[in-house]
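Asker: model this:
(one chain, ligands or ions: 2)
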Amino acid sequence: MKILVIIPAAGSGTRFGGELPKQFQQLGGKPVIQRVIERFLFHEDVVRVVVAVSEQLLASVAQAPGDRVRFVRGGDTRQQSVTLAFRSVEEEFDIVAVHDAVRPFFADATFRAAIDEAVATGAALPAISMTDTVHTVRGDLLDLTLDRSTLVAAQTPQCFTQKVLREVLDRAEREGEQGTDEAGLAARYGFPVKVVAGDSINFKITRADDLALAETILARWS
Ligand code: CTP
Ligand code: MG
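Answerer: Ligands and ions are numbered 1, 2, ... in the order given. Predicted structure coming up:
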């Protein structure tokens, strides 16, 4: 099995704030992004990891041609960053996994389940059921309450066959569609997307407070 991992890491972390984007913040003495890359390199089927970073950062990374990890320039949106990373590789892979740079706590079992389901179905995403009630709002007024039983929160790594992801990214670009994840676009374009069990530990570092939570989890996590 040959797996390509794409890590979009070119965001500026507006919700997190501060000068240094959240993916480069230290977590247990290492940048978050480094932890994420190392976790993927631990899997022997992962033959390449492509990380999309800002142009500024790209200028400062040293890369050798034989490296399993490669850095490329990202884009203005997450989807563009994923597309640029995807198109930077020429080899064939059985599965392409897309993972947020700021989810350091994905479980190996989740990754494996997503890979297996993507092999069987073409696309798979880890997700968790909603625990909070979710409302829509208009300004600061509550509008509608959504039916929680039909909602899940999407996580990563989202896995696809290379063919499915290529079709999804190409079509989204052609149609000028911006999605916040690739699995959502795949489903919109009629591809079956299997949902596998994620877990709440696999959360996305989003706001400044989340870093302290991540340190706490890391201290207990093996
Ligand atoms: N990302 C990216 N390129 C962009 C925007 C986002 O590669 N132009 C990446 C982020 O670096 C992150 C992942 O997509 O790893 C998930 O995005 P998100 O959590 O929204 O990060 P940011 O966009 O950086 O944060 P914010 O939305 O708060 O600005
Ligand atoms: Mg964002």
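
Asker: For the protein, name the helix or strand with the lowest mean pLDDT.
Answerer: Taking mean pLDDT, DSSP states H and E as the measure, helix 55-58 is the helix or strand of the chain with the lowest mean score, a mean of 91.

Asker: list the helices and strands it packs on?
Answerer: Secondary-structure packing of helix 55-58 (3 or more CB pairs under 8 Å, 6 or more residues apart in numbering; DSSP states H and E): strand 69-73. Every C-beta, even on glycine, is put in place using the N, C-alpha and C of the backbone.

Asker: same question for the strand it packs on, mean pLDDT?
Answerer: Per-residue confidence for strand 69-73 averages out to 97 on the pLDDT scale.

Asker: what's it packed up against?
Answerer: Strand 69-73 packs on strand 46-53, helix 55-58, helix 78-87, going by 3+ CB pairs under 8 Å, 6+ apart.

Asker: Outside of the second one itself, list whatever touches it.
Answerer: Spelled out, it's helix 55-58. By CB atoms under 8 Å, 6 or more residues apart in numbering, the surrounding residues in contact with helix 55-58 are 71, 72, 73.

Asker: And that helix, how far out from the chain middle?
Answerer: Shown here is helix 55-58, whose average C-alpha point lies 20 Å from the average C-alpha point of the whole chain (CA atoms, centre = their mean, to the nearest Å).

Asker: List the buried residues for that helix?
Answerer: Along helix 55-58, these residues count as buried under the neighbour rule (16 or more other CB atoms under 10 Å): 57, 58.

Asker: send the alpha carbons of that helix over as CSV?
Answerer: These are the backbone C-alpha positions of helix 55-58, laid out as CSV (Å, rounded to 0.1, in the frame of the first residue of the first chain):
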residue,chain,number,x,y,z
GLU,A,55,5.7,31.3,0.7
GLN,A,56,7.7,33.1,3.4
LEU,A,57,8.2,29.8,5.4
LEU,A,58,9.0,27.9,2.2
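
Asker: all numbers from here: first residue = 26
Answerer: All right, first residue 26 from here; so that's helix 80-83.

Asker: Give me the spatial nearest neighbour of residue 34, chain neighbours excluded.
Answerer: Distances taken as CB to CB, 6 or more residues apart in numbering put residue 126 closest to residue 34, at 3.6 Å, once the chain neighbours are dropped.
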